[in-house]
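Enquirer: Any chance you could fold what I've pasted below:
(chains A and B)
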Amino acid sequence: MTLAVPGDIPSLARRVREILAAFGEDPGDEDSLRARVDEAAAAFPDDVASPPAIAARLLGRSLKETRFELRERVLELESLYDLGLSIGGQLDLDRLADEILLRSISLTNSRSGSLHLFDGERSILSRSFGGSLLSADDAIRIDLDPEGLINNRARDVPTSGVRVSDCEKCIVVPIQSETRRLGMLAVADKETRDGTIRDFFPADARLLAFFASQAAAAIETARLHREALEKERMERELELAATIQREILPREIPSFPGLTIAAENRSTRQVGGDYFDFFPLPGERFAFVVADVSGKGVPAALLVSTLASAIHLQIEDARTPAELVQRVHRHLCRFSRARKFATLFLGIFHSGSGDLQYVSAGHDPALVARAGGELEWLPATGRPVGIFWDSTWTEARTNLAAGDRLCVYTDGITEAQNPMQEEFGAGRLAAYFSRVAGMPVKEAASRLFGEVLLFAGEAAQYDDQTLLLLAREDAETL
Amino acid sequence: MNESCRVETARDGDLAVVRTEGYINREGGEEIERCIQSLLEAGVSRIILNLEKTKIVNSIGISILIEVLEKMMERKGALAFCRLTPTIDKTFRIMGLAQYAGIHATEEEARTALSATA
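Expert: Alright, predicted model coming up:
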């Protein structure tokens, strides 16, 4: 009902104002009170629209609004409490980011929001709801104080130098730990019931900053958990690689007439792909191999497994070392993934003549320490296996006389570094074998590792070290 | 994440199920209000509001839902909510919606509860 007599409104409004004031309710300015009185009076039949009835209706509405606002505050507190609780239980960063973003939008009555997480200059997670407010790059470069920034003129004025997209008003707050920025949280366009967009106030920014601080704690927890899982996964993988390698390497050194043999492998923590093996063959022949495959960890261990299988399968049928290497190479090309290769030294020793046939596929030069003290290097006779399908290898020969020693090793020995990043090198290896000429073979092999360890000192080593030492028997030294 | 609210209805006599998807803010709340208003005008008196595909509400959306509930009560109708996320469930309870409408785990439970009011 609208009162018919215009002059009645001021007097009605005046009476209503007096009643509201008596109940401690702020009646507001004249125009808004008149509008509210007019609206309330319309709900009553003519004879009931008395000042007390209208005032009671306005007080009832005010009470309802106050109760709603109080409940909103309770909801805010409960949300912050819930988010705090979920930090302990929620370790999935994606789900946590969604929860933080949705709660931030909801509790600020915003229409849209974006959350970006980054690690230094690298974006690690981006979430948006209702449209992306900032790109990941802008989120990283925007300069923010810890309390964030309110921009109620976002269409016209950049927000700390960055244009926030598709919004009229926004708040942007940093997500940061004690030591670094972890990300950024932004919400935009605070709704009202009548469809307009309200300004954001410092209370909104404080609420959002509180969410951001909760988010920072949660993100740090989730990151630490993820790092712990990753470490555990890597350790399991390394253990698996080490197990594979242990299973493949021979458990015992075979005895063979006319030869004294020593072999040792030292795995580093990263578990590389070193391999050695022995094969007594018919006709008083003794085959041996030392190999170093590319990569580390499980992939390298699996490649060693493929290589070992190929050698075991082919060694009986191959007539020469070159033919064997060729077959092994084709096998690797067929069955191993791209860019996987191996260097290897494969030799066949004839015990009757002392002849050694060998192929060195890109392997570090083997060293022959002659009984008379001379040193000879046996350079590679072709490329590593497993790279180019049409590679071929030439075969070379030498002879081991009584007392001569052959040292085949992997580059984990010669490339072992000391804290000054100097390598042990082939020179020190040669000098070592000159020095231990009269020492029993097994002891000479073992002591070399001690020598390398002494050289390396505190420096961490990242490559496996393998040494195979063969000596043609000489009664005086063995 | 999808933000605009979509509403689907399925009517069965004087009972209807309204399924929402997206943000229940002012726009989403008004969409629900329009939908329920037309159901009421068409003679529906019991409504189940299934929020399975809604992950976010704000207080403007809630105030509209309260208005809808008041209208339904004036008409002696009944409304029940179902399939709320834990966050929305808690929000509705804190904001007082649970005083006017039941909150149920499934559509079937809500249907049973509303049948008892028929």
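Enquirer: burial measure for residue 70, as a count.
Expert: No chain was given, so I picked chain A. By the measure other Cβ atoms under 10 Å in any protein chain shown, the count of residues near A:Leu70 is 10. Placement of C-beta: from N, CA and C, glycine included.
Enquirer: Actually, chain B is the one I wanted.
Expert: By other Cβ under 10 Å, the residues close to B:Glu70 number 12.
Enquirer: Same check on A:Ala41?
Expert: The number of residues packed around A:Ala41, counting by other Cβ under 10 Å, is 24.
Enquirer: And the residue nearest to it when sequence neighbours are not counted, how close does it get to A:Asp98?
Expert: In this structure, A:Ala41 finds its nearest non-sequential neighbour in A:Ala49, 4.5 Å apart by Cβ to Cβ, 6 or more residues apart in numbering or on different chains. Taking Cβ to Cβ, to the nearest Å as the criterion, A:Ala49 is separated from A:Asp98 by 51 Å.
Enquirer: one step back: got the confidence number for the residue nearest to A:Ala41?
Expert: In the predicted model, A:Ala49 carries a pLDDT score of 77.
Enquirer: Isn't it up against A:Glu39?
Expert: No: if you go by Cβ atoms under 8 Å, A:Ala49 and A:Glu39 don't touch, sitting 11.5 Å apart.
Enquirer: Please say which of these two ends up with more neighbours.
Expert: For A:Ala49 versus A:Glu39, the count of surrounding residues by other Cβ under 10 Å is larger for A:Ala49: 19 against 14.
Enquirer: how many neighbours does the nearest residue to A:Ser267 once chain neighbours are set aside have?
Expert: In space, A:Ser267 comes closest to A:Asp464 once its chain neighbours are excluded; the distance is 5.3 Å by Cβ to Cβ, 6+ apart. Number of residues near A:Asp464 (other Cβ under 10 Å) recorded here: 24.
Enquirer: List phi and psi for A:Asp464.
Expert: phi -60, psi 150 (degrees, to the nearest 10).
Enquirer: same thing with the one 5 residues further on?
Expert: With angles defined as degrees, to the nearest 10, A:Leu469 sits at phi -120, psi 120.
Enquirer: which SS state does the residue nearest to A:Ala41 fall under?
Expert: The three-state assignment at A:Ala49 reads coil, by DSSP: H, G, I helix; E, B strand; the rest coil.
Enquirer: Ranking helices and strands of chain B by mean pLDDT, which lands last?
Expert: For chain B, scoring each helix and strand by mean pLDDT, DSSP states H and E identifies helix B:107-117 as the least confident one, at a mean of 90.
Enquirer: where exactly do the helices run in chain B?
Expert: Taking DSSP state H as the criterion, chain B carries its helices at B:26-41, B:59-74, B:86-94, B:107-117.
Enquirer: now do the stretch 1-150 of chain A
Expert: Using DSSP state H, counting those that start in this stretch, the helices of the stretch 1-150 of chain A run over A:8-22, A:30-41, A:51-89, A:93-107, A:136-141.
Enquirer: any idea which of those helices is most buried?
Expert: Across the helices of the stretch 1-150 of chain A, the average number of neighbours (mean count of other Cβ atoms under 10 Å in any protein chain shown) peaks for helix A:93-107, which reaches a mean of 22.
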